[in-house]
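> Following is a predicted model, sequence given first.
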Amino acid sequence: MEQQSISTAKAGIVTSLQARCSVIAAANPTRGKYNQQLPLGQNVELTEPILSRFDVLCVVLDRADPIEDETLEQFVVESQMRSHPHYGEVDEIVRGTGAGARRVDKVDKDIISHDLLRKYIMYARDKICPRIDSIDQDMLEKLYGDLRREQVGECMRITVRYLESVIRMSEAFARMHLRDTVRQDDVDHAILNFSKYLAPITGEHERAHKILQDLVKEHVRGFVLSHGAVPGKCVVEREELDLRCHDYGILDIKAYLESDLFKAAFEYKKNKGQIILTLPH
C-alpha cells in the first residue's frame, strides 16, 4: 500500500496501524469489452485518485489469434506437467495420444522447482533492502517534470504518486537480483512502465487505420495457417471494417477511405465494397 499504514477511528479508538502488504486488484470492463480508444478509468469506471494509488496498471486483452492461442494452450498443458511432484525424475514426456503421442517434450533441467522459487522470493523480501542513494536524482526530477508537461487530452493525470511508484519499482527490480543498491538500469526499467501515460489519443482516421491494419493481420494469419504461405494480396470487406469500427465508436469511415492516410497504403474498390492491400513477396 502507498503509505504502508491505515488509519482507523472506531469505537472511540483513533490510531494508525501498519499495513505492509501489496494489493492486487482486477476489474472487468463495464461494457463487457475493453474499448482501446477510451482511457482506462472510463473502461473500468474507477476514479483517477483510486487508479493513481497503483504502481502498475496492466490491460489484458483477449484477441483471437490462432498462433498465440496455440502457444497459450501449450503453456497451460506443460505447466500442469511441470507441477507434478515427479516431473524431474524423467528425461522426456510424451504429449497426446494415438498419432499425437509421437510428439515428445524434453524435460528442461534448468527450470527451478516451486519450493526453490518460493525460498528465493522469501529471502529477497526479508533480507534484501536496496538503497536508492546511488541513483540519478536529477533524472527522476526531470522525469516527473516531463510527465507533468506532456500529459495531454484524456490521458491519466500524473501526480507525485507516480514518482514514488518509480522509486518502489526500482527497488523491486534491485531486490529481484539480490542487490543492496538500486542501479541506474533498475530506474530505467521502471520508467518504461510510464510510457503509456504520455501517448495521446489519436484522431478518428488514425484509429480506423489501426483497426484496418489489425484486420489485415488477422486475414494474413488465417491464410498462412490454411495454406502455409503468405498471400500476394489481402482483401478486407468494407462491411467487415464498418462493423469493427462501429465497436470502437467510429460510426462513419467514408472520410477515412478518402484520406491520404488510407490511400497511401490501401486501394478501395467501391463497386465491390473491398479494401485491397498488395503484400510484398
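Nice, thanks for sending it over. Numbering: from 1, shown residues only.
> Which stretches in the stretch 101-250 of the chain count as helices?
114-127, 137-150, 160-176, 184-191, 204-227, 238-247 (DSSP state H, counting those that start in this stretch).
> where does R63 fall, helix, sheet strand or coil?
coil (DSSP: H, G, I helix; E, B strand; the rest coil).
> Can you give me the distance of it to V160?
For R63, the distance to V160 (CB to CB, to the nearest Å) stands at 35 Å. For the C-beta atoms, the positions are set from N, CA and C on the backbone; glycine is no exception.
> Check the spacing between I167 and D185 real quick.
15 Å.
> What of I24?
Shown here: I24 relative to D185, a distance of 26 Å by CB to CB.
> Looking at these two, which has the bigger crowd around it?
D185 (12 against 6; other CB atoms under 10 Å).
> Looking at that one now. What's its pLDDT?
We note a pLDDT of 80 for D185 in this prediction.
> and if you look at the one 3 residues further on?
Predicted confidence (pLDDT) for D188: 77.
> Ok, K269 next?
In this prediction, K269 has a pLDDT value of 91.
> do the same with F194
F194 is given a pLDDT of 59.
> and of the helices of the stretch 101-250 of the chain, who's closest to E48?
helix 160-176 (10.4 Å; CB to CB).
> buried sites along stretch 12-31?
P29 (16 or more other CB atoms under 10 Å).
> got it, and stretch 240-247?
Those would be E240, L241, R244, C245, for stretch 240-247 by 16+ other CB under 10 Å.
> cool, and stretch 46-64?
Neighbour-count burial for stretch 46-64 [16+ other CB under 10 Å]: L51, S52, D55.
> now swap in stretch 172-182 and tell me
For stretch 172-182, by 16+ other CB under 10 Å, it's A172, F173, A174, R175, R179, V182.
> and the closest residue to Y144 other than its chain neighbours, what does it touch?
Closest residue to Y144 apart from its sequence neighbours, by CB to CB, 6 or more residues apart in numbering: L163 at 4.7 Å. The neighbours of L163, taking CB atoms under 8 Å, 6 or more residues apart in numbering as the test, are L140, L143, Y144.
> I211 against H246, yeah?
No. Judged on CB atoms under 8 Å, I211 makes no contact with H246 at a distance of 10.2 Å.
> any low-confidence regions in this protein?
1-4, 20, 37, 82-111, 134-136, 147, 149-158, 192-202, 249, 280-281 (pLDDT under 70).
> repeat that for 90
Applying pLDDT under 90 to the chain flags residues 1-117, 125-126, 129-173, 180-211, 213-233, 242-254, 259-261, 264-265, 270, 278-281.
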